[in-house]
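[1] sequence? don't have it. structure:
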């Protein structure tokens, strides 16, 4: 009887210990879960704070000013091999039709892509960002919006019938910013879409694939040294042209004396001819008449008489001198 009681007591003790151990494990597990949740919440808050800071001061590593006055009112510098993050994009329009590409057109540079849209079609922000410019340009973009993004890009949306945002407003990718239209210098309803980096226009087709409604890749590397190299090439080309022009000028200088000499010779001949014409006269011979003299000298009788102050009925004498020029 006593042994049975002892066994029963030991069993209860062991069961209690097991229950306490399990409870402790549950408490630890719950505590770990709570810690993880708090960490996740903290991380989310941190990301939100950083993201808000990026949107309030987008791409401060590139730009040194914030100006709402125009597209070109930017100041900043871009390092070589600048990496542009294209993730988190939204196509500004579902239209897949590109009506005009980036490049030289109509005797000027076309700085973006023209995408076919209709008046009233929804136009959306391509990335998260902050509205820098909302203006109307009668001789160019019409109603247009410029957004600066944390990835360094500025995107421009032109010829809209209506803008639906304000300067300094923060927008998210995909947010409606305006409606398609045909305002400004435009021959038909379309969206003029530009991508710029520190004022330098980049062909949007290098970043966005409108026919497939996607980005070309997750990242785009802006290679500043390529532009510098092109600039050096252009400088060399200009120097070459300058040298050629200098050589041409020297050649012309060498030829000019000959040309001037020819001109002087021609001038002397003209002067001599004028002098001859001034001193041209005719001595009347026996049998000459006013008509015959005028004919010999290529003039009319009337002019001959007028030149010499005589009448057409005047009688000529042999040896008489008449002016015939």
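    Ah, there it is. Quantities reported herein were computed from a predicted structural model and do not represent experimental measurements.
[2] State the pLDDT value of residue 209.
    Residue 209 carries a pLDDT value of 97.
[3] give me the beta-bridge partners of it?
    Beta bridges link residue 209 to residue 214 when assigned by DSSP bridges.
[4] go on, residue 100?
    When bridges are called by DSSP bridges, residue 100 pairs up with residue 114.
[5] ok, now which ones touch it?
    For residue 100, the contacting residues are 110, 113-114, 190, by C-beta atoms under 8 Å, 6 or more residues apart in numbering. For glycine as for every other residue, the C-beta is placed from the backbone atoms N, C-alpha and C.
[6] Could you rerun that using 10 Å?
    Under the criterion of C-beta atoms under 10 Å, 6 or more residues apart in numbering, the neighbours of residue 100 are 106, 110, 112-116, 190, 192.
[7] Repeat that for residue 186.
    By C-beta under 10 Å, 6+ apart, the contact set of residue 186 is 114, 140-142, 158-159, 192.
[8] any idea which of these is least confident?
    Minimum pLDDT for those is recorded at residue 140 (94).
[9] From residue 66, how far out is residue 134?
    14 Å (C-beta to C-beta, to the nearest Å).
[10] which residues in this protein form helices?
    Along the chain, counting by DSSP state H, helices occupy 2-56, 224-278, 290-296, 301-308.
[11] looking at those helices, which has the lowest confidence?
    Among these, helix 224-278 scores lowest, with a mean of 49.
[12] mind listing what residue 172 touches?
    Counting by C-beta under 10 Å, 6+ apart, the residues that residue 172 touches are 55, 88, 90, 124-125, 127-129.
[13] Can you turn the buried subset of these into a selection I can paste into PyMOL?
    Buried residues within these, by 16 or more other C-beta atoms under 10 Å, are selected in PyMOL with:
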select buried, resi 55+88+124+125+127+128+129
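[14] Which pair of the contacts of residue 172 spans the longest distance?
    Across those, no pair lies farther apart than 55 and 124, at 16.4 Å, counting by C-beta to C-beta.
[15] Name the spans of the stretch 101-250 of the chain whose pLDDT lies under the cut-off.
    224-250 (pLDDT under 70).
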